[in-house]
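Peer 1: what follows is a predicted protein model with its sequence.
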Amino acid sequence: MALSQEIRTELLKAQKNEITEYHVYTAIAKTLPNEENRRIVQEIGEDEKRHYEIWKGYTGKEVKPNRFKAWFYTTVSKLFGFTFGFKLMELGEEKAQVNYEKIADAIPEAREVIHDESTHENKLLEMLDEESLMYAGSVVLGLNDALVELTGALAGLTLAFRDVQVIALSGLVTGIAASFSMGASEYLSTRSEDTDKNPVKAAVYTFIAYIVTVALLILPYLLLDNKFVCLGIALAVSVTIIAVFNFYLSVAKDQPFAKRFFEMAGLSLGVAALSFLIGFLISNWLGVNI
């Protein structure tokens, strides 16, 4: 079949995408301990290779994968979970500027291939079972509580106390105690629920999310001398953590980003502002000047 240069260019782009994804899926499949997950990922990879061969049949040309993309998505999948890595890759490929409509107009049977690829891959991705996503709720609990409670506490302490080290010590003690408390609460809550989640793992996920957040928010007070600069950095870190985690959930679990982000950010910053005011009033009322 004679193809125009424009269609040929689109086919070559599609080939590159397919062979790149094939390398990502096959590389990650080898690292998965769960046999069913490994089978699903291998199947998706073979589909990508098959689609590559179909496009190759029209172009008659071998195309090399994008090595950087293959490395990037493989690394992301290993660091942040394969579900997140795969869905992020699929999200990126949706914007890869391959005009599949033009391809289908020139090659009618391509519509069926494109449809099969989309529906089959989505079904397979939904079948993946990743432990970290099962405990995402526990992580959300730890993050949300730490951000709301500690940003509020730091804002109040910043107005109540003059010494940055005193603020850091008070915040650190509060944060560590609260992290153990939240872990224990999550353990008891999960144990009382009818769920497949392991109560100990749920508690550990909550505790780790809480204590890491505490460390990041307290760090400016341990490194700098100006308490207001420290508070500003802590609030910026808080918003950044909220943005990063909600982006992760929006990709991995197909949840809306903007609504959840503004809800969490508004709650955290609102509590911080209220605590800032309370700290100011209590400090003046008691005459505390530490």
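Peer 2: All right, it came through fine.
Peer 1: all contacts plus neighbour counts: C-alpha atoms, from now on.
Peer 2: OK.
Peer 1: how many other residues sit next to Arg199?
Peer 2: Quick fix: residue 199 reads Pro, not Arg. Counted with other C-alpha atoms under 10 Å, the burial measure for Pro199 works out to 20 neighbours.
Peer 1: what's the local residue count around Ala29?
Peer 2: As a measure of burial, Ala29 has 22 neighbours, counting by other C-alpha under 10 Å.
Peer 1: go on, Lys201?
Peer 2: Per other C-alpha under 10 Å, the neighbour tally for Lys201 reads 16.
Peer 1: what comes up buried for the helix or strand hosting it?
Peer 2: For Lys201, the host element (DSSP states H and E) is helix 199-223. Of all the residues in helix 199-223, those buried under the rule 16 or more other C-alpha atoms under 10 Å are 199-211, 213-214, 217-218, 220-221.
Peer 1: who's in contact with that helix?
Peer 2: 135, 138-143, 145-147, 150-151, 164-165, 167-168, 171-172, 175-176, 179-180, 182-188, 190-191, 227, 230-231, 233-235, 237-238 (C-alpha atoms under 8 Å, 6 or more residues apart in numbering).
Peer 1: centre of the chain to whichever strand or helix holds Glu53, how far?
Peer 2: According to DSSP H and E, Glu53 maps onto helix 35-59. Put simply, helix 35-59 sits 26 Å off its chain's centre (C-alpha atoms, centre = their mean, to the nearest Å).
Peer 1: what does stretch 4-21 give?
Peer 2: Distance, stretch centre to chain centre, for stretch 4-21: 30 Å (C-alpha atoms, centre = their mean).
Peer 1: before we move on, what about stretch 7-24?
Peer 2: Its chain's average C-alpha position is 26 Å from that of stretch 7-24, according to C-alpha atoms, centre = their mean.
Peer 1: pLDDT of it, averaged?
Peer 2: Mean per-residue pLDDT for stretch 7-24: 87.
Peer 1: ok, and what's touching it?
Peer 2: Residues outside stretch 7-24 that contact it (C-alpha under 8 Å, 6+ apart) are 44-46, 48-49, 51-52, 55-56, 59, 63-67, 69-71, 73-74, 89, 93, 98-100, 102-103, 106.
Peer 1: residue nearest the centroid of the protein?
Peer 2: The chain has Tyr248 as the residue nearest its centroid, 1.8 Å off, counting by C-alpha atoms, centre = their mean.
Peer 1: so is it in a helix, a strand, or just coil?
Peer 2: helix (DSSP: H, G, I helix; E, B strand; the rest coil).
Peer 1: quick one: the helices in the stretch 1-150 of the chain?
Peer 2: Using DSSP state H, counting those that start in this stretch, the helices of the stretch 1-150 of the chain run over residues 5-29, 35-59, 67-80, 82-94, 100-106, 110-127, 131-134, 136-160.
Peer 1: could I get the fifth one in PDB with only the CA atoms?
Peer 2: Pointing back at helix 100-106 there. The C-alpha trace of helix 100-106 is given here as PDB (Å, rounded to 0.1, in the frame of the first residue of the first chain):
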ATOM      1  CA  TYR A 100      -4.200   7.800  15.100                       C
ATOM      2  CA  GLU A 101      -7.300   9.200  13.300                       C
ATOM      3  CA  LYS A 102      -5.200  10.000  10.300                       C
ATOM      4  CA  ILE A 103      -3.700   6.500  10.400                       C
ATOM      5  CA  ALA A 104      -7.100   5.000  10.600                       C
ATOM      6  CA  ASP A 105      -8.400   7.100   7.700                       C
ATOM      7  CA  ALA A 106      -5.600   5.800   5.500                       C
END
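Peer 1: quick one: distance of that helix to the chain centre.
Peer 2: On C-alpha atoms, centre = their mean, the centre of helix 100-106 falls 34 Å from that of its chain.
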